[in-house]
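Student: with the sequence up front, the predicted model follows.
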Amino acid sequence: MEWKTLLCEDRIRSLVRRSSESDLRTEFEKDYHRIIGSASFRRLQDKTQVFPLDRSDFIRTRLTHSLEVSSFAKSLGQNISANIIKKIGDQTFLPEYSMAICDILQCAGLIHDIGNPPFGHFGETSIQEWFKRNLPVLKFKKSGEEEGKPLTELLNKQMIQDFYSFEGNTQALRVVTKLHFLVDEHGMNLTKALLATIIKYPGSSLEADKNCGDVKRKKMGYFYADRENFKDITESCGTFGARHPLAYILEAADDIAYATADIEDAVKKNCLTYHELVQELKGFKPELQSKKYQDVVSWLEERYKRGIQRGYNKPEFYAVQNWVVSVQGQMIAGATTGFTDNYDAIMAGTYTKELMAGTEAELLRDALGDIAYRYAFVSKPILKLEIAAETIFNFLLDKFVDAVLYYDTGEKQTAVQKKLVSLISDNYKKVYAIYSEGKSEEEKLYLRLLLVTDYVCGMTDSYAKSLYQEFNGID
């Protein structure tokens, strides 16, 4: 792969570029302004990061998480660009590429979660499980048929697997290339370099294999409905099935944000105490701990002592909040080292791990992830909210899938089905109409099911909850 091609400024819908002395922005800077001015981005302020429907201003949402990832990604871009020039000495990497990379990564951080459904990652699981239960039993009857066929007999294998492996990152590509109806059916019409950066898993749902050992094949990267856009993006950027190098950096920034923020939020929510955190860090795989790892734990204890000395009312909060900043610096350094040391393999498309693998930051990242999972993700408050979220998802999918099965087929719909369809965004229905034109009946059926997941994923936590309550007459 070559940087000149990887940093492709083209867009899926070509623009007539006019020179203007009053607009000195690069194409990637224009992407930034398109994103932050969008309703799709604003909706992230009411979507769950870890704690659904939390009333605290402190606890992170998808919006604040995305801002943090954007910041870390840009910092990593600065460090790595400097290393490519000074340490690696890649003569094809021009000095002006550094700014382009930072702009792309800053934008990618903002939109990497823009397709996530309500209620965090549990929303993805709820969608997957609903379709696994219902696709084999739901039937669709064509005109003139006495009995319908199960949807699993009508849809092709990739269409079926798209729903069984439904993924928020994949939905993000769909939002920014189609669903965010800014001018037309091309969504935000962002640069192809940016779109390639957010495709963490450059393969279809049939190619995904979480146990294969290759990080880029852990999950699906695009829907069957978006295969033409995927092909266009990868060919224009010259990746051809490999991960875009900047996707590794985006993933590392996401990992840094998750690892540190989840711990900080867990302490703030009293799911985890300062003393438990220290004990867990010291006890995590002690045989693998380096002196640097042990020093990082000591920093946490030193900050706690400083908090006491300075008379803070809650020295444990002071300690953790200050400590995570140091941890973030350690992880940024680790990811920078990982990219630099594996540069040739990354550029050849043969690197199979994430950037912190094999670095001193890896054990710390793993420790924080393990602690956050055991103390926050499986805590009783989260489990209760996830059960409530599943109830909401099941209800909404039951209602809206039933409503769209015969939408746009000429078959008669009930009054309730018509009303439900009328609630779906007109922009989403317009996108469906454009992309279903000339398609087979089977693909149209698939696109109607996507119409429902598009609508549900576009909901905020509060809207999904209130819609469920309104439908069930709950005040």
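Tutor: Ah, there it is.
Student: so Ala335 is in which element?
Tutor: Here Ala335 sits within helix 315-341, counting by DSSP states H and E.
Student: could you identify the helix or strand that succeeds that helix?
Tutor: Next along the chain from helix 315-341, counting by DSSP H and E, comes helix 343-348.
Student: so how far is Ala39 from the residue sitting nearest the centre point of the chain?
Tutor: Residue closest to the mean C-alpha point of the chain, counted by CA atoms, centre = their mean, is Asp113 at 3.3 Å. Relative to Ala39, Asp113 is positioned 15 Å away (CB to CB, to the nearest Å). To be clear about C-beta, it is placed using only N, CA and C from the backbone, and glycine gets the same treatment.
Student: sketch out the low-pLDDT regions of this structure for me.
Tutor: 15-22, 49-60, 182, 379, 381 (pLDDT under 70).
Student: can you rerun that using 50?
Tutor: 52-53, 56-57 (pLDDT under 50).
Student: which parts of it are strands?
Tutor: In the chain, the strands defined using DSSP state E lie at 139-140, 149-150.
Student: could those go into TSV alongside mean neighbour count?
Tutor: Listed next are the strands of the chain as TSV, based on neighbours: other CB atoms under 10 Å:
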stretch	mean neighbour count
strand 139-140	17
strand 149-150	14
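Student: tabulate those (a markdown table), appending distance to Thr191.
Tutor: As requested, the strands of the chain are arranged in a markdown table below (distance: least, CB to CB, whole Å):
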| stretch | distance to Thr191 |
| --- | --- |
| strand 139-140 | 39 |
| strand 149-150 | 42 |
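Student: the residue nearest to the centre of the chain against Arg62, yeah?
Tutor: Yes - the pair Asp113 and Arg62 qualifies as a contact (CB atoms under 8 Å) at a distance of 5.2 Å.
Student: identify the contacts common to those two.
Tutor: 44, 47 (CB atoms under 8 Å, 6 or more residues apart in numbering).
Student: so Tyr407 makes contact with Gln413?
Tutor: Yes - between Tyr407 and Gln413 there is a contact at 6.9 Å, judged by CB under 8 Å.
Student: anything in contact with each of the two?
Tutor: With CB under 8 Å, 6+ apart, Tyr407 and Gln413 have common neighbours Val421.
Student: distance check, the nearest residue to Tyr222 once chain neighbours are set aside against Ile332.
Tutor: Distance criterion CB to CB, 6 or more residues apart in numbering; nearest residue to Tyr222, sequence neighbours excluded, is Phe230 at 4.1 Å. Phe230 is 30 Å from Ile332, where distance means CB to CB.
Student: how about His180?
Tutor: 31 Å.
Student: give me the more crowded residue out of those two.
Tutor: His180 (24 against 20; other CB atoms under 10 Å).
Student: the more buried one against Gly187, yeah?
Tutor: Yes - in this structure, His180 is within contact of Gly187 by CB under 8 Å, at 4.5 Å.
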